[in-house]
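Asker: My questions concern the predicted model and sequence given below.
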Amino acid sequence: MNHVAPKFSPAFRLAIAAMFSALMLPQTVLAGCSDSPEAAMDWTGCSKERLMLNGKDMTAGVFENAFLSGTGFDGALMAGANLERSELVRSSFVGADLTGADLEKSLASRSNFSQAKLRDATLVKAEFLRVSFAGADLTNADLSGGDFYRNDFSNAQLSGANMHDAIMPRTVFTGATMTGANLAGAFLLRTHFENVDLSGVTGLEQEQLNEACGDAQTILPAGLTVPKDWPCADE
């Protein structure tokens, strides 16, 4: 008796092939949203909102495109972490180590990075609204092209920071250290530089300064003059 082999449609064959291909992929290719927080973890695209991860060691972790709003990272170890395009609304990173972390195009609102370590971090084209970096270390950090409306950088370390073309209206830099910071093209409408030594910054133009706010303790770069309406009137 002759047996006739069953005939499968091309679509069915493609589905079977795709299933076997997925089964043969190394496990490390897939993000482990159920994985515990640990060094070199991968939460790419995962929803991890309103968690308490304070003090956790997540060094070099991957959080790209992750939803992390309302989550606590206070004191966490996250050096070299990838937070590109992550959502960080009302998240807290107080005292966290984010040295060399990548936050390019990340989104944050009313989040807290006070006293955090962000040396050499990347915040290119980040969109941060009313975020606190008070007392944080952003030495050599790259904030170019970012939107930092009403952020608080008071007493922050910003030596060598790149703020080229950053949008920073009504942001506060009072008491910050800014030696070698690049302010070329930055939008500084009502930005506060009270008690800041700006003599070592680069790229700052008189037109930018005229829109900003300062006081008698603000030290200007050579060639620039104090605007006639300093200090700014309260609004």
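Answerer: Perfect, I can see it now.
Asker: which ones are touching the residue nearest to residue 56 when sequence neighbours are not counted?
Answerer: Sequence neighbours aside, residue 37 is the residue nearest to residue 56 in space, at 4.6 Å (criterion: CB to CB, 6 or more residues apart in numbering). In this view, the C-beta of every residue, glycine as well, is placed from N, C-alpha and C. Residues in contact with residue 37 (CB atoms under 8 Å, 6 or more residues apart in numbering) are 53, 56, 58, 61.
Asker: I'd like those residues as TSV, with distance to residue 45 appended.
Answerer: Putting the contacts of residue 37 into TSV (distance: CB to CB, whole Å) gives the following:
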residue	distance to residue 45
53	17
56	20
58	16
61	13
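Asker: so which of these is the most crowded?
Answerer: Among the contacts of residue 37, the one with the most neighbours (other CB atoms under 10 Å) is residue 61, at 26 neighbours.
Asker: ok, of the contacts of residue 37, which one's closest to residue 110?
Answerer: Closest approach between these and residue 110, by CB to CB: residue 53, at 18.4 Å.
Asker: wait, what's in contact with that closest one?
Answerer: Applying CB under 8 Å, 6+ apart, one finds that residue 53 lies in contact with 37, 71-73, 76.
Asker: and it, how far is that from residue 157?
Answerer: Note on residue 53: its distance to residue 157, by CB to CB, to the nearest Å, is 25 Å.
Asker: how about residue 126, what does it touch?
Answerer: Contacts of residue 126 by CB under 8 Å, 6+ apart are 103-108, 143, 146-148.
Asker: which one of the residues you listed is nearest residue 175?
Answerer: Among those, and counting by CB to CB, the member closest to residue 175 is residue 148, at 17.1 Å.
Asker: Now do the contacts for residue 157.
Answerer: Contacts of residue 157 (CB under 8 Å, 6+ apart): 136-139, 176-177.
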